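Chemist: how does the following fold in three dimensions:
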Amino acid sequence: MTRTLSLSALLLLGACTVGPNYAGPPATATDAVTRGRFVRATDPAFSPAPGLARWWEGLNDPLLTRLVDDALAHSPTIDQAVARVREAQAQVAQQRAARTPSASANGTFLHAELPPIGQADDGTSVSFYNLGLNASWELDLFGGGRRQVEQARATGDARVADLADAQVSLSAGVAQAYVALRDVQARIALSDATTRLQQQQLGLTRQRLAAGTASQLSVERLQTQLENTQAQAIPLAAQRDEYLGQLAVLTGRTPGALDATLAPVAPVPLPPAQVAVGDPAALIARRPDVRAAERQLAAGTAAIGVARARALPGIRFLGLLGLGGTSPGAVFDLGNLTALAAPSLSWSFLDFGRNRAATRASEAQRDRAEATYRKTVLDALQDAETALSRFGNTRRQLGQLVQAEATAARAAALNRQRVAAGTATLIDQLDVERQQLSATSAVTQARAQLTQGYIAVNKALGLGWTDPVSVGAGPSATAATPPRSSR
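Modeler: Below you'll find the predicted structure:
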C-alpha cells in the first residue's frame, strides 16, 4: 500500500509543470482592430479584400514574375533562413529526446603482465573481459523539460517567421530594383530625345547667328542647356548598371549575368486599378515580424518555467548491468551478471539567491519580449498607414501630371499648325516639343513612384510568403519554405 502511494505521488509530481502557461499575446491596437479598416486607405483604388500573397503578379509583367520566383528559389538570403529553420527543428528534437531515458553500452579488455615476486616465480599474466550496459533517466518532476521543449518549439517557430520575413523583403527588393531599372531606362531614352532636340535647336540658332538674326548670348545659353543635359545623363547609366547588378545578385547570380535579359527597354509596370489591402486585424495576424515577436514572447514565457524548475529538486535514476571475467566466455555467463540500480536526488537549496535571480531575469526577459511585441504591432500598423497614404497621394499626383502632359501635347500640336502657317518658327516648335518631353518625363517618374508605392504597400502588409510550415506542433507556426528548384 505504501509503495502504491509513493508511486502515485511520484506520478503526480511528474505531471506538475511550474511556470506560467502561455495564454497568447496581449491585446494591442484594439481600436484599429475594432475599426476594421486602415485610416489612410481612403483612395478609391484600395479594396478591403484580402491581399494577394503573390502580389507582384498583379503588375502583369512576366519577366518580373520570373525574377521574383528565381530569387525565392535561389537567393542565398533564403538559403540562410532555411538553414536556421532546420537548425531550430533539430534543437526541438534534441530537447524532446533529452526527456527520454538514455543508454550506452561498453566493452572492456584488460591484460597485464605481472613481474616475478621471487627467484622461483617466472611472473604471470592476467586478462579481464567485461561487457556493460549503462542507463539513466532524469524524471521531469516539475516540468522543466517540458518547458524547454515549449521554449525550443516557440523559438523555432520564430525562425520560421524570420524565413517568411526574408521572403517578404526579398520579393519586394527584386520588384523595387526592377521598377527602378525600367524607370532609369526610360529616363535615359527621354534624356537622349531631349539631347537631340537641344542639338537641333542649337544648330538652328547658330544659323540665325550667322545670318545676324540671333545673338551670341542665345547660342551660349542653348549650349549650356545641352551640356547640362548630357552631364545629367551620365549618372543615369551608372544607376542602370547598379540595378542590373542588384537584380543579378538578388536572384542568386553573379553581377552582369542578367544584362542581356534586361537590356531591352520596357515600360514601368503599373499596379492594378484595385489594390486589395485587407484590414488591420489581418495585417497583425499575417506580418512575419509580428508573428516572430509573438513566438519570442511564447518562448520567453516558457523560459520562466525552465528557470523555476532548476531551483527545485531533481531525481535521476541510474542503472548498470555488467558481465565479466578472466576468460572470453565469462561475458556470456549469466552467473557473472552484476546489476546496480541507484536513484539520486539533487537539490541546489543553498545557492545564495542565484536561482531566484535567474528566475527574475527570465521574467524580465518575458516582459521585454511582450513590450517588443506591442511595439512591433504598432510599427507594423504605422508602416502600412504610411505606405497607403503615399500610394494614394502619388496616384493623385500622377493624375495631375497626366493632365499636364496632355496639355503639353495639345500645345505642341497647335504650334505645329502655326509653323505650317508660317506664324511660328521651327525653333519655337523645338522649344515646345522640349517642354512636352519634360512633361512626359515627369509622368514617367510619377508612374515609377506609383509602382514603388504599390510595392511598399504590399511589403508593409506582410505579403509575399505562402505555404506555412511549423517547426513545432503549435498553431502559431508561421512561414513559408519556398520551392527549391534547380537550374
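Chemist: where along this structure do the helices fall?
Modeler: Ranges of helices in the chain, per DSSP state H, are 2-14, 30-35, 62-74, 76-98, 144-211, 216-250, 259-262, 280-286, 288-310, 354-421, 426-460.
Chemist: which of these is buried the deepest?
Modeler: Stretch with highest mean neighbour count among the helices of the chain: helix 288-310 (a mean of 24; mean count of other CB atoms under 10 Å). Every C-beta, even on glycine, is put in place using the N, C-alpha and C of the backbone.
Chemist: and that one, C-alpha only, in PDB?
Modeler: Output of helix 288-310 as PDB, limited to C-alpha atoms (Å, rounded to 0.1, in the frame of the first residue of the first chain):
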ATOM      1  CA  PRO A 288       6.100  37.900 -40.300                       C
ATOM      2  CA  ASP A 289       7.800  40.200 -37.900                       C
ATOM      3  CA  VAL A 290       4.700  40.400 -35.700                       C
ATOM      4  CA  ARG A 291       4.400  36.600 -35.700                       C
ATOM      5  CA  ALA A 292       8.100  36.300 -34.900                       C
ATOM      6  CA  ALA A 293       7.700  38.700 -31.900                       C
ATOM      7  CA  GLU A 294       4.700  36.700 -30.700                       C
ATOM      8  CA  ARG A 295       6.600  33.500 -30.800                       C
ATOM      9  CA  GLN A 296       9.500  35.100 -28.900                       C
ATOM     10  CA  LEU A 297       7.100  36.100 -26.300                       C
ATOM     11  CA  ALA A 298       5.900  32.500 -26.000                       C
ATOM     12  CA  ALA A 299       9.500  31.300 -25.700                       C
ATOM     13  CA  GLY A 300      10.200  33.900 -23.000                       C
ATOM     14  CA  THR A 301       7.100  32.700 -21.100                       C
ATOM     15  CA  ALA A 302       8.400  29.100 -21.200                       C
ATOM     16  CA  ALA A 303      11.800  30.200 -20.100                       C
ATOM     17  CA  ILE A 304      10.400  31.200 -16.800                       C
ATOM     18  CA  GLY A 305       9.300  27.700 -16.100                       C
ATOM     19  CA  VAL A 306      12.700  26.400 -17.100                       C
ATOM     20  CA  ALA A 307      14.400  28.700 -14.600                       C
ATOM     21  CA  ARG A 308      11.900  27.900 -11.800                       C
ATOM     22  CA  ALA A 309      12.400  24.100 -12.300                       C
ATOM     23  CA  ARG A 310      16.100  24.500 -11.900                       C
END
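Chemist: quick one: contacts for Pro328?
Modeler: Pro328 makes contact with Tyr129, according to CB atoms under 8 Å, 6 or more residues apart in numbering.
Chemist: in the stretch 101-250 of the chain, where is pLDDT below threshold?
Modeler: Low-confidence regions of the stretch 101-250 of the chain, defined by pLDDT under 70, span residues 114-123.
Chemist: what about 80?
Modeler: 103, 105-133, 197-198, 204-205, 208, 213-215, 217-219, 222 (pLDDT under 80).
Chemist: let me know the pLDDT of Arg326.
Modeler: Let me fix one detail, which is that residue 326 is Thr and not Arg. According to the prediction, Thr326 has pLDDT 67.
Chemist: so how far is Ala45 from the nearest residue to Pro272 once chain neighbours are set aside?
Modeler: Of all residues not flanking Pro272 in the chain, Gly58 sits nearest, at 4.7 Å (CB to CB, 6 or more residues apart in numbering). Using CB to CB, to the nearest Å, Gly58 is found at 12 Å from Ala45.
Chemist: now for these two: what residues contact both?
Modeler: Here Gly58 and Ala45 have Pro271, Val275 as joint contacts, going by CB under 8 Å, 6+ apart.
Chemist: flag every buried residue along the longest strand seen in the chain.
Modeler: Ordering each strand of the chain by length in residues (DSSP state E) puts strand 124-139 first. Neighbour-count burial for strand 124-139 flags Tyr129, Asn130, Leu131, Gly132, Trp137, Glu138 (criterion: 16 or more other CB atoms under 10 Å).
Chemist: quick one on the thing from earlier: so what's the residue nearest to Pro272 up against?
Modeler: Contacts were defined as CB under 8 Å, 6+ apart; by that measure Gly58 touches Leu52, Pro271, Pro272, Val275, Tyr454.
Chemist: how far away is Gln436 from Ala186?
Modeler: As for Gln436, its distance to Ala186 is 15 Å (criterion: CB to CB).
Chemist: actually Ile78, not the one I wrote
Modeler: 31 Å.
Chemist: surely Ser169 touches Lys459?
Modeler: Yes: if you go by CB atoms under 8 Å, Ser169 and Lys459 touch, sitting 7.3 Å apart.
Chemist: I'd like the mean pLDDT over stretch 75-90, please.
Modeler: Taken as a whole, stretch 75-90 has an average pLDDT of 92.
Chemist: do stretch 374-381 as well
Modeler: For stretch 374-381, the mean per-residue pLDDT is 96.
Chemist: now do it: everything it contacts.
Modeler: 26, 28-29, 32, 280, 283-284, 287, 289-290, 293, 460, 462.
Chemist: including pLDDT and distance to Ala88, could those go into TSV?
Modeler: TSV is the format used below for the contacts of stretch 374-381 (pLDDT from 0 to 100; distance: CB to CB, whole Å):
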residue	pLDDT	distance to Ala88
Pro26	91	25
Thr28	86	25
Ala29	84	28
Ala32	84	31
Pro280	94	29
Leu283	94	25
Ile284	94	23
Arg287	95	20
Asp289	96	17
Val290	96	19
Ala293	96	16
Ala460	96	27
Gly462	95	21
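Chemist: show me which pair in those residues is furthest apart.
Modeler: Pro26 and Ala460 (22.4 Å; CB to CB).
Chemist: re the thing from before, using JSON lines, please lay out the buried residues of strand 124-139 together with distance to Ala361.
Modeler: Putting the buried residues of strand 124-139 into JSON lines (distance: CB to CB, whole Å) gives the following:
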{"residue": "Tyr129", "distance to Ala361": "52"}
{"residue": "Asn130", "distance to Ala361": "46"}
{"residue": "Leu131", "distance to Ala361": "46"}
{"residue": "Gly132", "distance to Ala361": "41"}
{"residue": "Trp137", "distance to Ala361": "29"}
{"residue": "Glu138", "distance to Ala361": "24"}
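Chemist: closest one of those to Ala358?
Modeler: Comparing the buried residues of strand 124-139 against Ala358 with CB to CB places Glu138 closest, at 19.0 Å.
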